[in-house]
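[1] Dropping a prediction and its sequence here:
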Amino acid sequence: MTHPRSDIRDKIAEQLKKVPNVKIFSGRSIPMFDQDLPAILVYTNNEQIITERWDTDGCGELTRELEIYIEAISSGRENLDNILDNIAENIENSLDGWTIPNRKNAILRFKRTQVEHNIDGNKIYGAVLLEYSLTYMTETHNDNNN
C-alpha cells in the first residue's frame, strides 16, 4: 500500500505535465544536469495532524496538513528571472482550482514563492520554489477491528 504523501506527489507531478517544455520529477533526490533543465521537482516536507481520531469518537479520520513544494530549476543569463516567472505562472495556472483525483475532500492552498540564483563559473542557475499546503483526510482503524 502506498502512503498518501507518495500518491499526492505523483498526482501533482502528473497534473504538472501540462507545463510546456519542462521535465517533471516526483521527489527531490534527483541528480540534475544541464540537459535535464528546465525541470520541476515535486516534493513534500512536514506533515502535521490537525485532528486525530480521539478528537472524535475514536473511529474518526485523521485530518492532516501537508507542506508541498514545487521547485522549478533552470539556467539562463539576463532572462533567467523571466524564465522562472513563466514556469511559476504555468504551475500556478495548472493547480488553480484543481482537485486531486481520489481526494475530493482535499484543500490545496498556495502559500508563497521564493526565488534563488546561483552562479557556477560562467553559468547562472535559478530556482523558483512554490509552497503549497494541503489539508486532507485519511481513514483510521478502530482498535476493536484489529
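    Nice, thanks for sending it over. Numbering: from 1, shown residues only.
[2] strands paired with the helix or strand of the chain with the lowest mean pLDDT, and their directions?
    Across the helices and strands of the chain, the lowest-confidence element by mean pLDDT, DSSP states H and E is strand 39-51, at a mean of 90. Here strand 39-51 has these sheet partners by DSSP bridges: strand 23-26 (parallel), strand 62-76 (antiparallel).
[3] Kindly state the pLDDT recorded for Thr56?
    Thr56 is assigned 62 on the pLDDT scale.
[4] ignore the last one, Thr140
    Value listed for Thr140 in the pLDDT field: 70.
[5] for Gly121, same thing?
    Gly121 is given a pLDDT of 85.
[6] One more: Asn93?
    Here, the pLDDT recorded for Asn93 equals 97.
[7] repeat for the one 5 residues further on
    pLDDT, the model's per-residue confidence, is 94 for Trp98.
[8] Minimum distance to Ile100: which of the strands paired with strand 39-51 has it?
    When the strands paired with strand 39-51 are compared by CB to CB, strand 62-76 sits nearest Ile100, at 10.4 Å. All C-beta atoms are positioned from the backbone trio N, CA, C, and that covers glycine.
[9] How far off centre is the least confident helix or strand of the chain?
    How far strand 39-51 lies from its chain's middle: 7 Å, per CA atoms, centre = their mean, to the nearest Å.
[10] quick revisit: and the strands paired with strand 39-51 as JSON lines, adding mean pLDDT?
    JSON lines is the format used below for the strands paired with strand 39-51 (pLDDT from 0 to 100):
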{"stretch": "strand 23-26", "mean pLDDT": "95"}
{"stretch": "strand 62-76", "mean pLDDT": "93"}
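[11] Take those strands and lay them out in CSV including distance to Leu84.
    Shown next, in CSV, are the strands paired with strand 39-51 (distance: least, CB to CB, whole Å):
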stretch, distance to Leu84
strand 23-26, 15
strand 62-76, 6
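[12] okay if I get the ones you listed as CSV plus mean neighbour count and distance to Met137?
    Below are those laid out as CSV (neighbours: other CB atoms under 10 Å; distance: least, CB to CB, whole Å):
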stretch, mean neighbour count, distance to Met137
strand 23-26, 18, 22
strand 62-76, 19, 5
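[13] closest one to His3 among those?
    Proximity to His3, assessed across those by CB to CB, is greatest for strand 62-76 (10.9 Å).
[14] All set, thanks.
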